[in-house]
Structures are given as structure tokens and as C-alpha cells.
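>>> predicted coordinates and the sequence they were generated for:
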Amino acid sequence: QVQLVESGGGSVQAGGSLRLSCEASGRTDSTFQMAWFRQAPGKEREFVAAISWSGGSIYYADSVKGRFTCSRLNAKNTVYLQMNSLKPEDTAVYYCAAGSSWTRGLQSTSSYDYWGHGTQVTVSS
């Protein structure tokens, strides 16, 4: 089992920045691929970014490319999401996810076995 805990959410004005963190505990000896998803009220959960266990492969949704940066520090069992130039449409609950492979597609929620409880990000105009 792996437990994921997100932190770093909050309220900012448009154009501002936030840095989310996701700390893993439990079976952290496994080589998990990690990802960030988000879910706005009344909408489906959507892919934001994914990073391979080594950190050598990183992928972004088109809507955040150039503004968000995903990274990981395996020594601290932590994944980060640096969010710059935030827009009101970025408002959502952000979830961290871990999975053993991307065979079902890295943007698919079904590729991830473990999820955090989420952290709220609110961007005002």
C-alpha cells in the first residue's frame, strides 16, 4: 500500500503561483509513475501532468504546458507541481496519483492505483 498526501494548495489571484507537494509513504520502495490530476466542480477529473519514476520522462496537458512544471525527488518520496501564471480556469481540487505502469495510458485515471485526498486551488480574477 502507498499513502499519498498533497499539500500547498490555496487561494491566489490570476497570474500568481503555487507549488503543490505530494509525499508518499508506505511501499515507497516500488518504482511508481506519478501524476497530477484535477477536478473542478461539475466536471470530470482531468489529467494535468505525469512523471516517470526516474524523472526522465515528463508529460503535460496542453492546457498547462509552459506554465506548470512537474518534478520529483525520490530521496524524499515527494513529487512537486510548480504552477505559474495561474488562471481562474485552473481552479480545482488537485490530486496526486501513483501507478506501477502506463500501459493503460498515462492520462487515464485507470493507470493509477493510489490517490491522495486532494488539495484545493482557487484562482480569482
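Yep, it's here. Numbering: from 1, shown residues only.
>>> low-scoring stretches of the protein, by residue?
Low-confidence segments of the chain, defined by pLDDT under 70: 29-30.
>>> and if we set it to 90?
In the predicted model, the chain carries pLDDT under 90 at residues 1, 26-31, 74-75, 100-105.
>>> let me see the ranges of the strands in it.
2-7, 10-13, 18-26, 33-39, 46-51, 58-60, 68-73, 78-83, 92-99, 114-115, 119-124 (DSSP state E).
>>> please report how far the most far-flung residue of the chain relative to its centre lies from G55.
With distances taken from the mean C-alpha point of the chain and given as Cα atoms, centre = their mean, the most distant residue is S125, at 22.9 Å. To G55, S125 is 34 Å away according to Cβ to Cβ, to the nearest Å. C-beta here means a position set from N, CA and C on the backbone, and glycine is covered the same way.
>>> point to the residue nearest the middle of the protein.
Most central residue of the chain, judged by C-alpha distance to the mean C-alpha position with Cα atoms, centre = their mean, is W36 at 2.0 Å.
>>> how about that one: what's its closest non-neighbour residue?
V48 (4.2 Å; Cβ to Cβ, 6 or more residues apart in numbering).
>>> so how far is R27 from that neighbour?
Per Cβ to Cβ, V48 is found 24 Å from R27.
>>> the two: who's more crowded?
With other Cβ atoms under 10 Å as the criterion, V48 and R27 differ in neighbour count, and V48 comes out ahead with 24 against 12.
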